[in-house]
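Trainee: I would like to see how this sequence folds:
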Amino acid sequence: MKTTIITSIFPALLAIGCDGASNNRTSTAQKLNLTDSVAAKSVSYQALGDTMVGYVAFCEDTGKKPGVLVVHEWWGLDDYTKRRTRELADLGYVAFAVDMYGQGKTADNPETAMALAGPNYQDPQAAKQRFDAALAQLKALPQVDTNRIAAIGYCFGGSMVLNAVKLGDSLQAAVSFHGGLKGVPADKELLKTPILICHGAEDANVPESEVKAFRAELDEIGADYVFKEYPGATHAFTNPKATETGQKFNIPIAYNAAADTASWNDMKVFFEKHLD
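Mentor: Numbers count the residues shown, from 1 in each chain. Predicted coordinates for the structure are as follows:
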């Protein structure tokens with residue numbers, strides 16, 4: 001069992017990159033968009049009878065790499081999620097952003113977001129099937145080392161990642177950024193994946209009682225997890241648009257640059273241990 005809480009923000013360094021992979025090796029038939037030697041494209045796949053529109057990014061060099069699933073906030077697979085996916089590719093991973101709503105749907109207001117996210121909260125097994133459909137797509141990519149697979153998620157996405165591994169998905173690492181912590185009960189026979197939880201100390205959406213219950217539940221089954229808490233950070237602290245969005249809709253979310261940087265570096269260290 002590993003239970004660690006960190007209450008200070010500090011830098012952690014890890015250098016993994018594309019190392020100058022050539023941009024000119026991409027076939028135009030692949031319809032790839034290139035950003036600093038990272039190739040990225042939308043990918044259609046099926047889940048529960050619906051067409052999902054994911055997003056994959058990877059460096060165009062040779063050799064198999066660890067794969068990372070990325071699960072979006074309740075706004076859907078938007079530009080923020082795609083940016084994070086490309087950033088993971090730039091670190092040397094093959095990253096695949098999951099579409100949890102189908103048809104590539106996104107929301108521009110909390111009411112629509114909740115309507116889209118709600119069914120995944122209400123039926124965790126169905127949400128896991130959507131997650132697993134994307135996981136199968138990631139593992140099928142020729143660039144991916146299927147023995148080294150992780151998943152990260154933001155807000156809603158963090159909850160979905162935690163539920164997936166609690167329900168038995170066996171990954172090498174799972175990371176939740178400001179995700180909800182209620183979810184499905186933890187079962188020691190099912191939860192085998194090491195978990196990193198990146199939590200804002202001032203997150204009004206995840207009260208201290210929920211944090212304590214979550215940690216007690218994981219401690220009880222001897223789960224392998226690390227809990228990191230960032231002072232001054234609220235819900236959605238990694239998203240640069242969170243402050244503006246919070247003010248627009250009067251919801252308690254805000255960007256925190258220090259916590260954003262620290263949590264990303266904490267993820268890199270966690271991946272270095274479990275993937276690299």
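
Trainee: any idea how far the residue nearest to residue 159 when sequence neighbours are not counted is from residue 207?
Mentor: Nearest residue to residue 159, sequence neighbours excluded (CB to CB, 6 or more residues apart in numbering): residue 180, at 4.2 Å. Using the backbone N, CA and C atoms, a C-beta is placed for each residue, glycine as well. From residue 180 across to residue 207, the span is 11 Å (CB to CB, to the nearest Å).

Trainee: so for the two, which sits in the more crowded spot?
Mentor: residue 180 (20 against 11; other CB atoms under 10 Å).

Trainee: list the contacts of that one.
Mentor: Contacts for residue 180 (CB atoms under 8 Å, 6 or more residues apart in numbering) come out as 155, 156, 158, 159, 205, 206, 210.

Trainee: which residues touch the third one?
Mentor: Spelled out, it's residue 158. 71, 152, 175, 176, 177, 178, 179, 180, 197.

Trainee: rerun that using 10 Å as the cut-off
Mentor: Going by CB atoms under 10 Å, 6 or more residues apart in numbering, residue 158 touches 71, 73, 151-152, 174-181, 183, 197-199, 206.

Trainee: tell me where the protein is predicted with low confidence.
Mentor: Scanning the chain for pLDDT under 70 picks out 1-36.

Trainee: quick one: the strands in it?
Mentor: With strands called from DSSP state E, the chain shows them at 5-6, 33-35, 38-47, 50-59, 65-71, 94-98, 144-154, 173-177, 195-200, 225-230.

Trainee: can you put these in a markdown table and add distance to residue 237 and mean neighbour count?
Mentor: Shown next, in a markdown table, are those (distance: least, CB to CB, whole Å; neighbours: other CB atoms under 10 Å):
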| stretch | distance to residue 237 | mean neighbour count |
| --- | --- | --- |
| strand 5-6 | 15 | 14 |
| strand 33-35 | 24 | 13 |
| strand 38-47 | 25 | 17 |
| strand 50-59 | 23 | 21 |
| strand 65-71 | 17 | 28 |
| strand 94-98 | 20 | 29 |
| strand 144-154 | 10 | 22 |
| strand 173-177 | 8 | 27 |
| strand 195-200 | 5 | 25 |
| strand 225-230 | 7 | 21 |
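
Trainee: and of those, who's closest to residue 120?
Mentor: Comparison of these against residue 120 by CB to CB identifies strand 65-71 as nearest, at 9.9 Å.

Trainee: alpha carbons only: can I get that closest one in PDB?
Mentor: The C-alpha trace of strand 65-71 is given here as PDB (Å, rounded to 0.1, in the frame of the first residue of the first chain):
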ATOM      1  CA  LYS A  65       5.900   3.400 -27.200                       C
ATOM      2  CA  PRO A  66       3.700   3.300 -24.200                       C
ATOM      3  CA  GLY A  67       0.100   4.200 -24.800                       C
ATOM      4  CA  VAL A  68      -2.000   6.700 -22.800                       C
ATOM      5  CA  LEU A  69      -5.800   7.100 -22.900                       C
ATOM      6  CA  VAL A  70      -7.000  10.600 -22.200                       C
ATOM      7  CA  VAL A  71     -10.600  11.100 -20.900                       C
END
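
Trainee: name the nearest residue to residue 72, sequence neighbours excluded.
Mentor: Closest to residue 72 by CB to CB, 6+ apart is residue 81, at 4.2 Å.

Trainee: so where do the helices sit in the stretch 101-250 of the chain?
Mentor: 110-122, 124-140, 156-166, 208-220, 242-249 (DSSP state H, counting those that start in this stretch).
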